[in-house]
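Participant: With the sequence up front, the predicted model follows.
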Amino acid sequence: MPHRSAPARLTRRAFLRTTSLAGTLAVGGALPRWARAQALKSFTASHSVSTFVYGQHLVAAQKKFFEEEGLKTPDFVVPGGGAKVVQALAAGQVQVALGDSNHPLKITEKGKEALMVFATDTRCSYANIVVRKELHDKGVRSVEALADQKLVGRKAVVAATAIGSGTYVYGVYVLKNIKAADAKSVHDHVEWVGGGASTTMLGGLKAGKFDAIMAVPEWQSAAVEEGFGRAIYDVADEKAWNRVFGGRVPVTVGYVLKETVEKSPDVVQGYVNACYRAQQWIRKAKDDEIVELLWKPYMDTFKREVVLESVRYYKTIFDWDFLIEEKDYERGMKVWVPLAVDKPIPYAKAVDMSFVQKAQQKYKS
């Protein structure tokens, strides 16, 4: 006859805690903190680098919005590049991600459907073009002038972080859609190279290795403040953006696998709710208040002033309602095909706005 283990002994403390919880629930009272913590669902989230372009994640964590939506605040997976975030999400190592809108499209194109569930901005923050100061002084003060070999001295060398990266995709689109003096596109008159990360991109521009770089706001500010670069295309200028892109484009998005939506819709809803609330907080908060919340926990590798300037910059391009309109998505598809994905993917297959709509309903401002 098999031996049966004795039932686990219920300690006095556990008994009191259990009966106390039952009593609380019976009278409709609020759960104590320890019980609320146990009830929270774990989930995993990722973004490439901790800068303010991904501020919604970070604010939601610091303000405890995830916990208020029934989720444990995640330990973010921050691998240092968008391609690595894509790999982590596609492999199921993380459930939700915040990154470039072409990332979920790439996952879908490879046979595993992914969905954009909100957008955080309306313009691409890394489509800025900064030229080295020497060329600016010689008269290269517009994108068109990059094509003038008399001014540049040769074919202009333009650096993206890597060939095929987001900076490359948006940079090529800008140069292809601006005409040079000979009626060809500026793109036909430049040479693209991979410039790497912050140190090598800025160092290459400063040393004259690159004639121009695609720049995130922090790089643009550094080049201008240190006196070795000047902006010739700035997406903070809405007219300059619209001249090339024709209107809003969802560039940074929250995205998930379709199977996550099917298996864990409550997690996706809680995640979207928390990020939406964070976006509304960012909209109303003072710039200094945002920096105070995020600088030391996430961004202290930058000077405080740089983070403050970044906050001011992104506030000009953030999408406050989080919605991805079909016309904006189609405008983006002109950018993404064929440099990011081979063929267009229909809006209905790539976008699910139901979670944002529920978040908006729950948190009407």
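Facilitator: Alright, I've got the coordinates. Numbering: from 1, shown residues only.

Participant: Check which residues of stretch 173-185 are buried.
Facilitator: Using 16 or more other CB atoms under 10 Å as the test for burial, stretch 173-185 gives 173, 174, 175, 177, 178, 180, 185. C-beta coordinates here come from the backbone N, C-alpha and C atoms, glycine included.

Participant: err, stretch 354-365, not the other one
Facilitator: Residues of stretch 354-365 classed as buried under the neighbour-count rule (16+ other CB under 10 Å) are 355, 356, 359, 360.

Participant: out of these, who's nearest residue 249?
Facilitator: Of all the buried residues of stretch 354-365, the one with the least separation from residue 249 (CB to CB) is residue 356, at 17.1 Å.

Participant: which residues touch the closest one?
Facilitator: Contact analysis of residue 356 by CB atoms under 8 Å, 6 or more residues apart in numbering lists 117, 118, 272, 276, 321, 322, 323.

Participant: Separate out the buried members of these.
Facilitator: 117, 118, 272, 276, 322.

Participant: burial measure for residue 139, as a count.
Facilitator: Using other CB atoms under 10 Å, residue 139 has 12 neighbouring residues.

Participant: Excluding chain neighbours, give the residue nearest to it in space.
Facilitator: The spatial neighbour of residue 139 that comes closest, neighbours along the chain excluded (CB to CB, 6 or more residues apart in numbering), is residue 151 at 5.2 Å.

Participant: Switch the buried ones among the contacts of residue 356 over to JSON lines; also include pLDDT and distance to residue 67.
Facilitator: Supplementary listing: the buried ones among the contacts of residue 356 in JSON lines, determined by pLDDT from 0 to 100; distance: CB to CB, whole Å:
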{"residue": "117", "pLDDT": "98", "distance to residue 67": "20"}
{"residue": "118", "pLDDT": "98", "distance to residue 67": "20"}
{"residue": "272", "pLDDT": "98", "distance to residue 67": "15"}
{"residue": "276", "pLDDT": "98", "distance to residue 67": "15"}
{"residue": "322", "pLDDT": "98", "distance to residue 67": "20"}
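
Participant: In helices, which of these fall?
Facilitator: 272, 276 (DSSP state H).

Participant: For the buried ones among the contacts of residue 356, work out which two are farthest apart.
Facilitator: Spatial extent of the buried ones among the contacts of residue 356 (CB to CB) is set by the pair 117 and 276 at 10.3 Å.

Participant: ok, back up a step: which of the buried residues of stretch 173-185 lies at the shortest distance from residue 299?
Facilitator: The closest of those to residue 299 turns out to be residue 174 (CB to CB; 27.5 Å).

Participant: Now do the closest one against residue 214, distance only.
Facilitator: 9 Å (CB to CB, to the nearest Å).

Participant: chain center to stretch 137-146, what's the gap?
Facilitator: 30 Å (CA atoms, centre = their mean, to the nearest Å).

Participant: Below-threshold pLDDT in the stretch 251-365 of the chain: ranges please.
Facilitator: Applying pLDDT under 70 to the stretch 251-365 of the chain flags residues 365.

Participant: what ranges do the helices span in it?
Facilitator: 258-263, 265-284, 287-298, 304-315, 326-336, 347-350, 354-362 (DSSP state H, counting those that start in this stretch).

Participant: Any idea which of those gets closest to residue 144?
Facilitator: helix 326-336 (20.1 Å).

Participant: And the closest one, what's buried?
Facilitator: So for helix 326-336, counting by 16+ other CB under 10 Å, buried means 328, 329, 331, 332, 333, 335, 336.

Participant: same check, this time on stretch 78-98
Facilitator: Those would be 78-79, 81-83, 85-86, 88-90, 94-98, for stretch 78-98 by 16+ other CB under 10 Å.

Participant: Which two of these have the greatest separation?
Facilitator: 81 and 95 (19.2 Å).

Participant: Could you list the domains of the protein?
Facilitator: Domain segmentation of the chain under automatic domain parsing yields 40-122+248-362, 128-245.

Participant: Mind telling me what element the residue nearest to residue 204 when sequence neighbours are not counted is part of?
Facilitator: Nearest non-adjacent residue to residue 204, counting by CB to CB, 6+ apart: residue 210, 4.5 Å away. Per DSSP states H and E, residue 210 falls between elements, in no helix or strand.

Participant: again, but for the one 3 residues further on
Facilitator: Applying DSSP H and E as the criterion places residue 213 in strand 212-215.

Participant: now for that strand, which elements pack on it?
Facilitator: Counting contacts by 3 or more CB pairs under 8 Å, 6 or more residues apart in numbering; DSSP states H and E, strand 212-215 packs against strand 128-132, strand 156-160, helix 166-176, helix 198-206, helix 217-225, strand 229-233.

Participant: looking at these, which is buried most?
Facilitator: Per residue and on average, the most neighbours among these fall to strand 128-132, with a mean of 26 (mean count of other CB atoms under 10 Å).
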